[in-house]
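K.L.:
test case, fold it:
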Amino acid sequence: MTIHLGAFQTPVFASWDDLAPFLDAAAACPEPTLWALPELFYGGFDFANRLRWAEDSARLLERLQDFCRTTPHCLAGSLMELRDARLYNSLFVISGEHPRPQRLYSKIHLFPGADESRYFSPGEPCPRTISWRGLRIGGAICFDLRFPELFRPQARQDADVFAVCGQWSQARLPHWRRLLTARAIETQAYLLAANAVGDSPFGHLPGYSCLVSPWGKLVFSCHRGPGTRRAPFDAALLQRARRLYNTRDTGHFLVAGRTPCPADGTGEPV
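P.N.:
Below you'll find the model as predicted:
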């Protein structure tokens with residue numbers, strides 16, 4: 001059965017009941033689908049109640065694991081995470097193939113406009129791609145989209161698709177689409193991006209969640225309202241994009257971080 005790539009374009013949720021209609025829509029789709037959700041889709045940037053949201057998010061992950069265990073779907077989204085007495089904005093991949101949610105990475109570049117560095121600790125610089133149904137999943141969170149250095153180590157692990165979670169504001173919307181296109185072309189991978197909708201403490205969130213092909217072509221866009229969209233993952237198109245040349249690695253520049261980059265595609269269990 002053909003794998004699909006889809007986006008949940010949602011407002012920030014405050015309860016399971018708000019999220020449930022989107023999960024119901026996903027459950028009605030018989031094809032296995034990787035669904036991306038926005039950045040901090042549960043609780044948002046409510047720093048005043050950050051410890052409560054981190055605790056609630058840990059319980060939410062358990063419920064999402066149950067959903068993926070009983071459906072053919074995979075979910076990727078960012079949530080607050082309290083780990084070793086530090087708070088992180090972490091991107092999780094959840095599927096029935098793994099017994100527990102997998103932490104792909106925690107946001108590295110903390111956005112100055114939201115004063116994130118006052119509350120969040122930056123993650124490690126080299127995410128590990130996660131395998132699901134033979135698909136290698138990489139990822140990024142919002143402001144990290146501006147830094148191609150984050151994508152390069154994941155591209156070296158042969159990432160097929162990058163799940164990008166955002167709370168990207170209307171004021172910088174042109175950057176959103178252009179950066180997604182650039183990252184898709186240079187990594188020769190799909191960019192599956194979910195942006196939130198509605199008002200936030202840092203500006204209006206316009207949506208425009210989308211899927212961009214390895215050629216930089218817009219496959220679908222959700223525009224402004226809440227909803228879901230998806231499209232088939234085309235493995236043949238991916239291979240055609242990579243056949244003539246390889247821009248995912250280079251013999252001319254050293255790609256290095258503060259820690260070695262693993263290439264086992266396992267992610268980090270929570």
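K.L.:
the biggest helix by length in the chain: what's the following helix or strand?
P.N.:
Using DSSP state H, we find that the single longest helix of the chain is helix 50-69. Once helix 50-69 ends, the next helix or strand along the chain (criterion: DSSP states H and E) is strand 74-83.
K.L.:
show me what that next one is packed up against.
P.N.:
strand 33-36, helix 50-69, strand 86-95, strand 102-106, strand 135-141, strand 161-166 (3 or more C-beta pairs under 8 Å, 6 or more residues apart in numbering; DSSP states H and E). Backbone N, C-alpha and C define where each C-beta goes, glycine included.
K.L.:
now it, how far from the centre of its chain.
P.N.:
Relative to the chain's own centre, strand 74-83 is displaced by 9 Å; criterion: C-alpha atoms, centre = their mean, to the nearest Å.
K.L.:
would you mind writing the CA trace of the one helix or strand residue 174 maps to as CSV?
P.N.:
Element membership for residue 174 (DSSP H and E) is helix 173-187. Output in CSV follows, covering the C-alpha atoms of helix 173-187 (Å, rounded to 0.1, in the frame of the first residue of the first chain):
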residue,chain,number,x,y,z
LEU,A,173,5.5,34.1,5.6
PRO,A,174,7.4,34.6,2.3
HIS,A,175,10.5,33.2,4.0
TRP,A,176,8.6,30.0,5.0
ARG,A,177,7.9,28.9,1.5
ARG,A,178,11.2,29.9,0.1
LEU,A,179,13.2,28.2,2.8
LEU,A,180,11.2,25.0,2.6
THR,A,181,11.8,25.0,-1.2
ALA,A,182,15.6,25.6,-0.8
ARG,A,183,15.9,22.9,1.9
ALA,A,184,14.0,20.4,-0.4
ILE,A,185,16.2,21.1,-3.4
GLU,A,186,19.6,21.0,-1.6
THR,A,187,18.8,17.8,0.4
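K.L.:
okay, buried residues for it please.
P.N.:
Across helix 173-187, burial judged by 16 or more other C-beta atoms under 10 Å covers 173, 176, 177, 179, 180, 181, 182, 183, 184, 185, 186, 187.
K.L.:
can I get the helices and strands packed on strand 74-83 in TSV with mean neighbour count and distance to residue 251?
P.N.:
Output for those, formatted as TSV (neighbours: other C-beta atoms under 10 Å; distance: least, C-beta to C-beta, whole Å):
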stretch	mean neighbour count	distance to residue 251
strand 33-36	26	31
helix 50-69	17	39
strand 86-95	25	30
strand 102-106	25	26
strand 135-141	26	21
strand 161-166	30	23
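K.L.:
nearest to residue 195, of those?
P.N.:
strand 161-166 (4.3 Å; C-beta to C-beta).
K.L.:
ok, the helix or strand bottoming out on mean pLDDT in the chain: who's next to it in the sheet?
P.N.:
Least confident element among the helices and strands of the chain, by mean pLDDT, DSSP states H and E: strand 268-269 (a mean of 70). Each strand that pairs with strand 268-269, with its direction, by DSSP bridges: strand 102-106 (antiparallel).
K.L.:
avg pLDDT for the strand it pairs with?
P.N.:
For strand 102-106, the mean per-residue pLDDT is 97.
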